[in-house]
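Q: sequence plus the predicted model coming up.
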Amino acid sequence: MGLAIAADQDTAKVSIPVGVPRRSDPLTGRSGAIHMDVNLVLIPVTVTDSYERLVLGLQRADFRLYEEGVEQKVTQFFSEEAPISVGIVFDASASMRRKMEESQKAVTEFLRMCLPGDEFFLLKFSDQPESVNGFTTDIEEIERSLPTIQPKGWTSLYDAIYLSMNRIKRATYSRKVLLVVSDGGDNNSRYTEREIKDLVKEADVRIFAISIFDRSPSLEAIAEESGGRSYRVRKLEDLPGLAADIGAELHSQYVLGFSPADRVNDGKYRKIRVEVTQPAGPARLRASWKRGYYSPWQ
């Protein structure tokens, strides 16, 4: 692709309503975004209502799962709360100048909603991505670094996601997340949206994106492909609260497990669809999940 990345160094740069008790499960620590364990495929799913609030307390019978359009029997079902690894991808381009203070507060609120044991790294991007903090479980270390980020330059969003996807491979935990905070599109990357989408398809990483003021169709598409979600903030004062909600959401998910009825180890991409039973009345539920996985080779 023509972009040199030193992915093994923390200083690397790109050179151009209803609660439910959670139970532990021997598979919990390995669920990731989509995980294949011999004949078993595990798919984490988040459910929200019409007001973007988390919906907990659902049962196995509330879900239907399809692979390549063929319904599969859900043989494993549990909810989990386990430590996660998070890469915070922070827009430091010139267009963030008037949004920097509230954006930094949002990251702080996000960190404070996470669980003890979660680990984080912080990467900023403008003309190019640049590491600010390597992996740490000390949220105060991240908080101390945020005020040092000053807005300048162009926006290398795709390069920042690419570098972060490579860095998070070294994470301690199998549950991996990127939180992207940005105010727009990309105007200075060597990588393209299509290349990032292809990378997301192969990775067990969920992407949650906050777009400030304007919609970012690219971020929306990338987040949806990963099984994460994207949000648009119209008022800066709403940023910290939204970030806190995302922090809570990352630790509240269902995991559906199935053994493919037509199991063929051919290395091809298999599309997944998840449906959730809709309640009576006008309220609607929305499920978020990773859109597919690559089957293993023989």
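A: Nice, I can see it.
Q: surely residue 169 is in a helix?
A: Yes: counting by DSSP: H, G, I helix; E, B strand; the rest coil, residue 169 falls inside a helix.
Q: and it, how close does it get to residue 88?
A: 16 Å (C-beta to C-beta, to the nearest Å). Bear in mind the C-beta positions are built from the backbone N, C-alpha and C, glycine included.
Q: so between these two, which is more surrounded?
A: residue 88 (23 against 13; other C-beta atoms under 10 Å).
Q: beta partners for that one?
A: residue 122, residue 179 (DSSP bridges).
Q: give me the distance between it and residue 164.
A: 9 Å.
Q: overlap in contacts, those two.
A: Shared contacts of residue 88 and residue 164 (C-beta atoms under 8 Å, 6 or more residues apart in numbering): 121, 123, 178.
Q: residues touching the first one, list them.
A: Looking back up the chat, that one is residue 121. 10, 86, 87, 88, 131, 133, 134, 135, 136, 164, 167, 168.
Q: ok, which stretches of the protein are helices?
A: 100-112, 139-145, 157-167, 193-202, 217-226, 239-249 (DSSP state H).
Q: for those, which one sits closest to residue 289?
A: Relative to residue 289, the nearest member of the helices of the chain by C-beta to C-beta is helix 217-226, separated by 9.7 Å.
Q: and the contacts of that closest one?
A: 33, 157, 161, 180, 182, 185-186, 193, 196-197, 200-201, 203, 205-209, 211, 229-230, 288, 290-291.
Q: same question, stretch 94-113
A: 88, 90-92, 120, 122, 126, 139, 142-143, 146-147, 149-155, 179, 181, 183-184, 210, 212-213, 236-237, 239-248.
Q: thinking again about what came up before, is there a quick PyMOL command that grabs whichever of the contacts of residue 121 are buried?
A: With 16 or more other C-beta atoms under 10 Å as the burial test, the buried ones among those are selected in PyMOL as follows:
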select buried, resi 86+87+88+131+133+134+135+164+167+168
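Q: can you select the buried ones among the contacts of helix 217-226 for me in PyMOL?
A: With 16+ other C-beta under 10 Å as the criterion, this PyMOL line picks the buried residues out of those:
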select buried, resi 33+157+161+180+182+185+186+193+196+200+203+205+206+207+208+209+211+229+230+288+290+291
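Q: and the nearest residue to residue 297 once chain neighbours are set aside, how far from residue 184?
A: Leaving out its chain neighbours, the residue that sits closest to residue 297 by C-beta to C-beta, 6 or more residues apart in numbering is residue 267, at 4.5 Å. According to C-beta to C-beta, residue 267 stands 36 Å off from residue 184.
Q: show me which of these two is the more surrounded one.
A: Higher neighbour count among residue 267 and residue 184: residue 184, with 19 against 10, using other C-beta under 10 Å.
Q: I figured that one hits residue 216, correct?
A: Yes: when contacts are counted by C-beta atoms under 8 Å, residue 184 is listed as touching residue 216 (6.3 Å).
Q: in contact with residue 91, which residues?
A: Here residue 91 is in contact with 103, 124, 125, 126, 155, 157, 180, 181, 182, 183 (criterion: C-beta under 8 Å, 6+ apart).
Q: switch the cut-off to 10 Å
A: Contacts for residue 91 (C-beta atoms under 10 Å, 6 or more residues apart in numbering) come out as 99-100, 103, 124-126, 149, 151, 155-157, 160, 180-184, 210-212.
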